[in-house]
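[1] With the sequence up front, the predicted model follows.
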Amino acid sequence: MHESSEQRFLVNRTYDEIRVGDSSHLTRTLMPEDVKLFAILTGDVNPSVVDPGYSESGLFREVIAHGMWSGSLISTVLGTQFPGPGTILIDQSLHFSRPVTIGDTITIIVTAKQKFDHNKHVTFDCVCTNQEGLQVVRGTAEVLAPTEKVSRLHEVHMPSIRIDDKHERYIHLLERVKGLEPIPTAVAHPCDYESLKGPVQAFQAGIIEPILVGPENKIRAIAEEFGIDLSGIRIVHAAHSHDSAALAVSLVRTGDAEALMKGSLHTDELMGEVVARANGLRTSRRISHVFIMDVPTYHRPLLITDAAINIAPTLEDKADIIRNAIELAHIIGIPEPKVAILSAVETVNPKIQSTLDAAALCKMADRGQIKGGILDGPLAFDNAVSLIAAKTKGIKSAVAGHAEILVVPDLESGNMIAKQLEYLANALTAGIVLGTKVPIVLTSRADTAETRTASCVIAALIAHHNRKLGTV
């Protein structure tokens with residue numbers, strides 16, 4: 001949120017200047033954000049107003065405005081136009097003739113009806129009509145009219161308000177796999193509420209077919225405690241968390257599952273089985289992790305890598321980390337991702353290894369050793385995501401200000417960036433492990449069921465891509 005300024009020339013009409021029959025009007029179009037903001041300000045969360053699903057089954061079959069949204073616009077006309085600044089509202093009555101729905105354009109007309117010299121009051125007829133000329137609100141208002149003239153340029157300082165509905169972004173992500181066949185997914189040790197609810201929620205959304213691997217009695221007890229429906233879900237009994245990890249990986253190796261998902265066990269337990277040379281899920285590519293983030297204050301998706309697997313990646317590791325991220329970007333619909341290789345500075349400094357790695361990686365891309373994306377670096381974080389910051393520093397780059405993949409110097413810096421975006425910028429987050437035979441949903445034990453379900457969407461998209469390539 002930031003503050004914006006608007007200059008308006010305000011002129012009022014004093015009591016003596018008002019004539020019976022004089023009028024003024026205002027026109028506004030109802031937007032979805034108006035309904036949400038009005039609900040936030042008033043606390044009126046009537047489902048017929050704010051819940052599209054409920055509205056579709058209600059009397060009007062669509063989302064309608066709060067009645068007082070129109071009423072408040074009458075007050076706007078009285079207070080800012082006619083009579084204008086200095087007006088005090090004394091009494092108001094309203095009759096609502098028909099609903100106002102999203103997209104309707106409402107014209108508010110107030111007309112002076114009667115004046116009272118003894119107390120300087122004026123009554124107004126108030127009428128609101130929609131774009132079809134149909135009346136939606138009518139009523140009267142009584143005001144104490146201003147007696148002193150106001151005629152000046154007025155600078156109004158108002159905050160710019162951004163209505164961010166994280167749930168809407170979540171629903172939009174789920175639609176990415178609508179119509180696709182659910183992917184069999186081995187879930188290792190889902191033995192707490194969030195780690196069990198996540199895969200079940202993804203199952204109910206038609207994203208995956210979970211195979212719950214862990215102590216069966218414990219899984220069922222958690223489901224019963226929290227009212228989680230396990231109907232239609234297969235459970236494979238495992239004695240403990242380490243056994244759960246081994247059995248889950250074996251289900252992938254035998255083809256019973258096309259994706260793997262971490263439950264409430266420690267990451268090292270699961271990844272230890274994944275990287276095992278004899279029975280693991282390694283490929284020729286370095287294993288890496290990607291956070292896929294929908295940040296409401298940024299104009300494109302962000303892929304942050306690696307913030308969970310590689311602690312201090314070498315130049316060779318970073319090359320594979322970038323290749324993995326570029327392939328994922330292609331799968332989720334970014335044909336030529338812009339890759340920013342991050343450091344603390346945007347110039348090559350022999351004393352900062354990450355700047356040397358960035359320069360080498362960019363040259364590798366020039367030589368065709370890394371394909372499918374546009375690389376630039378070293379770039380500081382601000383230059384990568386802000387075109388203004390890049391221009392201020394004189395950086396001319398196709399990546400600066402438009403980055404879609406952020407390649408971090410090490411796990412610590414990447415994890416901090418991702419968690420800051422999630423908890424301070426309200427980013428919708430998904431996490432996935434790449435460079436393995438199947439996608440692995442690797443979330444933190446603190447992550448919500450929604451984050452786990454969002455990660456399942458990414459895993460499903462990768463699994464369907466692998467089916468097309470015939471790699472499963």
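    Good, I have the coordinates. Numbers count the residues shown, from 1 in each chain.
[2] Which single strand of this protein contains the most residues?
    strand 105-116 (DSSP state E).
[3] Stretch 263-270 - what's its average pLDDT?
    The pLDDT scores in stretch 263-270 average 92.
[4] how about that stretch: buried residues?
    For stretch 263-270, the neighbour count (16 or more other CB atoms under 10 Å) marks 263-265, 267, 269-270 as buried. (C-beta placed from N, C-alpha, C; glycine too.)
[5] now the end-to-end length of that stretch.
    Stretch 263-270 has an end-to-end distance of 9 Å (criterion: CA to CA, to the nearest Å).
[6] Can you tell me what sits against that stretch?
    With contacts defined as CB atoms under 8 Å, 6 or more residues apart in numbering, stretch 263-270 is touched by 187-192, 194-196, 214, 241-242, 244-245, 248, 260, 262, 308, 440, 442, 445.
[7] which of these count as buried?
    187-191, 194-196, 214, 241-242, 244-245, 248, 260, 262, 308, 440, 442.
[8] quick revisit: could you dump the buried residues of stretch 263-270 into JSON lines with secondary structure added?
    Converted to JSON lines, these look like this (DSSP: H, G, I helix; E, B strand; the rest coil):
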{"residue": "Gly263", "secondary structure": "coil"}
{"residue": "Ser264", "secondary structure": "coil"}
{"residue": "Leu265", "secondary structure": "coil"}
{"residue": "Thr267", "secondary structure": "helix"}
{"residue": "Glu269", "secondary structure": "helix"}
{"residue": "Leu270", "secondary structure": "helix"}
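[9] Output those residues in TSV, with distance to Leu37 appended to each entry.
    Below are these laid out as TSV (distance: CB to CB, whole Å):
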residue	distance to Leu37
Gly263	39
Ser264	39
Leu265	43
Thr267	41
Glu269	46
Leu270	44
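[10] still on that earlier bit, strands - which of the contacts of stretch 263-270 land there?
    187-188, 214, 260, 262, 440.
[11] Is Pro184 in a helix, a strand, or coil?
    From three-state DSSP, the assignment for Pro184 is strand.
[12] Touching, it and Ala257? I think so.
    Yes: the criterion here is CB atoms under 8 Å, and Pro184 meets it with Ala257 at 4.7 Å.
[13] Settle it for me: which of the two has more neighbours?
    Using other CB atoms under 10 Å, the more surrounded residue of Pro184 and Ala257 is Ala257, with 26 against 19.
[14] how far away is the more buried one from His465?
    16 Å (CB to CB, to the nearest Å).
[15] which one of the buried residues of stretch 263-270 is nearest Lys115?
    Ser264 (73.4 Å; CB to CB).
[16] Can you read off the pLDDT for Val156?
    61.
[17] same question but for Ala389, I mixed them up
    Looking at Ala389, the pLDDT reads 87.
[18] Tell me who's in contact with it.
    So Ala389 contacts 380, 382-383, 401 (CB under 8 Å, 6+ apart).
[19] now for the residues you listed, which pair is the farthest apart?
    Ala380 and Gly401 (12.0 Å).
[20] one step back: give the other helices and strands that the helix or strand following the longest strand of the chain contacts.
    Using DSSP states H and E, the helix or strand that follows strand 105-116 in sequence is strand 121-129. Contact here means 3 or more CB pairs under 8 Å, 6 or more residues apart in numbering; DSSP states H and E; on that basis strand 121-129 packs against helix 67-80, strand 88-96, strand 105-116, strand 135-144.
[21] Please name whichever of these is nearest to Ile207.
    Using CB to CB, those put helix 67-80 closest to Ile207, at 37.3 Å.
[22] for that closest one, which positions count as buried?
    For helix 67-80, by 16+ other CB under 10 Å, it's 67-71, 73-75, 77-80.
[23] same for the longest helix along the chain, what does it pack against?
    With secondary structure taken from DSSP state H, the chain has its longest helix at helix 449-469. The contact analysis (3+ CB pairs under 8 Å, 6+ apart) places helix 449-469 against helix 166-174, strand 183-188, helix 193-204, strand 208-214, strand 259-262, helix 315-331, strand 428-434, strand 440-441.
[24] Quick one: mean pLDDT for it?
    91.
[25] and if you look at stretch 319-338?
    So the average pLDDT for stretch 319-338 ends up being 96.
[26] so how far is it off the chain centroid?
    Stretch 319-338 has its C-alpha centroid displaced from the chain centroid by 21 Å (CA atoms, centre = their mean, to the nearest Å).
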